[in-house]
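Novice: the following comprises the amino acid sequence and a computationally predicted model.
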Amino acid sequence: MKIVIWGMGYLMQTYIDRKGLYKNDDIVAFVDNNSLLWGKSFLDIPILAPAELREKEFDCVIICSTDLSIKKQLINDLKVGMHRIKSIVEIEEYYTKKLIDKYKKSKDEEIQGIVANYKRNGVSVFGNYFPELTDYEVYRDEDNHPYVIYEGKRIYYPDTYRFFGRRNGKEYITDIMYEQKENSPHLYVMDENSILPGAVVVDAGACEGNFAIRFVEQASKMYLIESNPLWIECLEKTFRPFKDKVIICDKQLARYDSMSSITLDSLLKNQKIDFLKMDIEGSEIDALLGARNTLLDNNVNCAICCYHKMNDEENIRFILDSLGYQTDTSKGYMFFWYDENIYDTLDLRKGIVYASKGI
């Protein structure tokens, strides 16, 4: 379908981030009642004034706003039929019902708890995991680069990062450790003894470095692998106090070496490692296949994300089992609505595969 998205705020970004909602559609325009946006573009797609819709060919308007008057505006002023109007709220309700129907007869107690939560509150990525949140104030250095303080250390963010909280003229970010608390399905380290003093740690998918910063002082060496150029400068500034033992790699971790990718075996060059974390947006299987020698030659405590794609848990466990590792998974389940195929499968997934040789 040719679709128009009405609204340029948070709900629009929510819709855009969930690519599975429109993977077979063509977004032909954005619309907003804010005249300051007219004539501009987003994702190289024009932002139109409402009246311009009369001249636009489209099949459906997706309302990404809580303003209830927009539907009336479409029907009464722009003469768009009800059958051509949907809202992101209605779409979420539709998929929530389908997800609940799929799992309502599950005998898994964790899944039943998630179903009960979805009935009350709608779908969330982390199932029924709701930790207490801590806000971190955002500061600026002498170059106006934003950072937060965690355990006395600075964690830097890109200049373009969207900080959602603001109070008394100050910026805040909500809980940089949200996903790393007890009972999280996305918990990288179940047992703090997995990373002992003197450990060599590989953090693949370092992002802002909020995982690595927790263990950098006790580690003897760290490899931070992050292919998104937005984060490289930030990581360099964050880990500057530890530059003697932190190596930052800006390539993608993969099965083969190329101009833009590198295998873990090539990066480490027979270096002993003790802990491996992978959170690399669905490339975990390829990366593990490029880490065969490293995993065979060491007893590595592993935390490998398995929620990005359907069947990743089974495939990751198969690879690790074949290399002599014993595997387990994190608690709970995730509904990863950023996977473009998730609305076809509507599957709940485990978040992390843990592995070690158990010796």
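Specialist: All right, it came through fine. Numbering: from 1, shown residues only.

Novice: can you find the helix or strand in this protein with the smallest mean pLDDT?
Specialist: Counting by mean pLDDT, DSSP states H and E, the chain has its least confident helix or strand at strand 165-167, which shows a mean of 76.

Novice: what about the strands in the stretch 101-250 of the chain?
Specialist: Assigned by DSSP state E, counting those that start in this stretch, the strands in the stretch 101-250 of the chain fall at 135-137, 139-140, 146-150, 153-156, 165-167, 170-174, 200-204, 221-225, 246-249.

Novice: mind telling me which of those the model trusts least?
Specialist: Looking at the strands of the stretch 101-250 of the chain, the lowest mean pLDDT belongs to strand 165-167 (a mean of 76).

Novice: just checking: what are the partner strands of it?
Specialist: strand 170-174 (antiparallel) (DSSP bridges).

Novice: before we move on, the earlier item: pick the most deeply packed of the strands of the stretch 101-250 of the chain.
Specialist: Of the strands of the stretch 101-250 of the chain, the one with the most neighbours on average (mean count of other CB atoms under 10 Å) is strand 200-204, at a mean of 25. C-beta here means a position set from N, CA and C on the backbone, and glycine is covered the same way.

Novice: I'd say residue 174 and residue 166 touch.
Specialist: No: in this structure residue 174 lies outside contact range of residue 166 using CB atoms under 8 Å: 11.6 Å.

Novice: just give the closest residue to residue 123, not the sequence neighbours.
Specialist: In space, residue 123 comes closest to residue 96 once its chain neighbours are excluded; the distance is 4.9 Å by CB to CB, 6 or more residues apart in numbering.

Novice: any idea how far residue 119 is from that neighbour?
Specialist: 8 Å (CB to CB, to the nearest Å).

Novice: repeat for residue 67
Specialist: Residue 67 is 27 Å from residue 119, by CB to CB.

Novice: what does the least confident helix or strand of the chain contact?
Specialist: Strand 165-167 has contacts (CB atoms under 8 Å, 6 or more residues apart in numbering) with 135, 171-174.

Novice: try it again at 10 Å.
Specialist: Applying CB atoms under 10 Å, 6 or more residues apart in numbering, the contact partners of strand 165-167 are 135-138, 171-174.

Novice: now tabulate these in TSV and tack on distance to residue 72.
Specialist: Below are these laid out as TSV (distance: CB to CB, whole Å):
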residue	distance to residue 72
135	37
136	41
137	41
138	39
171	36
172	36
173	37
174	34
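
Novice: report pLDDT for residue 359.
Specialist: 56.

Novice: in the stretch 1-150 of the chain, which spans are helices?
Specialist: Secondary structure of the stretch 1-150 of the chain (DSSP state H, counting those that start in this stretch): helices at 10-17, 69-72, 88-103, 109-121.

Novice: between these, which one is nearest to residue 59?
Specialist: Within these, the stretch nearest residue 59 is helix 88-103; the backing value is 14.9 Å (CB to CB).

Novice: mind putting the helices of the stretch 1-150 of the chain into CSV with mean neighbour count, mean pLDDT and distance to residue 254?
Specialist: Converted to CSV, these look like this (neighbours: other CB atoms under 10 Å; pLDDT from 0 to 100; distance: least, CB to CB, whole Å):
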stretch, mean neighbour count, mean pLDDT, distance to residue 254
helix 10-17, 16, 95, 25
helix 69-72, 15, 96, 45
helix 88-103, 15, 96, 33
helix 109-121, 15, 94, 33
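
Novice: mind checking which of the ones you listed is nearest residue 269?
Specialist: Among those, helix 10-17 comes nearest to residue 269, with 37.6 Å by CB to CB.

Novice: tell me the angle the closest one makes with helix 88-103.
Specialist: Orientation check (axes from the mean of the first three to the mean of the last three CA atoms, to 10 degrees): helix 10-17 against helix 88-103 gives 50 degrees.

Novice: make residue 1 into 8 and carry on from there
Specialist: Sounds good: first residue 8 from here, last item helix 17-24.

Novice: which neighbouring elements make contact with helix 17-24?
Specialist: strand 9-13, strand 33-38, strand 48-49, strand 67-70, helix 95-110 (3 or more CB pairs under 10 Å, 6 or more residues apart in numbering; DSSP states H and E).

Novice: related to what we said a few turns ago, in CSV, list the strands of the stretch 108-257 of the chain along with distance to residue 36.
Specialist: Supplementary listing: the strands of the stretch 108-257 of the chain in CSV, determined by distance: least, CB to CB, whole Å:
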stretch, distance to residue 36
strand 142-144, 37
strand 146-147, 37
strand 153-157, 33
strand 160-163, 36
strand 172-174, 30
strand 177-181, 32
strand 207-211, 39
strand 228-232, 39
strand 253-256, 41
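
Novice: so which of those is nearest residue 303?
Specialist: Smallest distance to residue 303 across these (CB to CB): 15.4 Å, for strand 207-211.

Novice: and residue 35, how many neighbours?
Specialist: Residue 35: 17 surrounding residues under other CB atoms under 10 Å.
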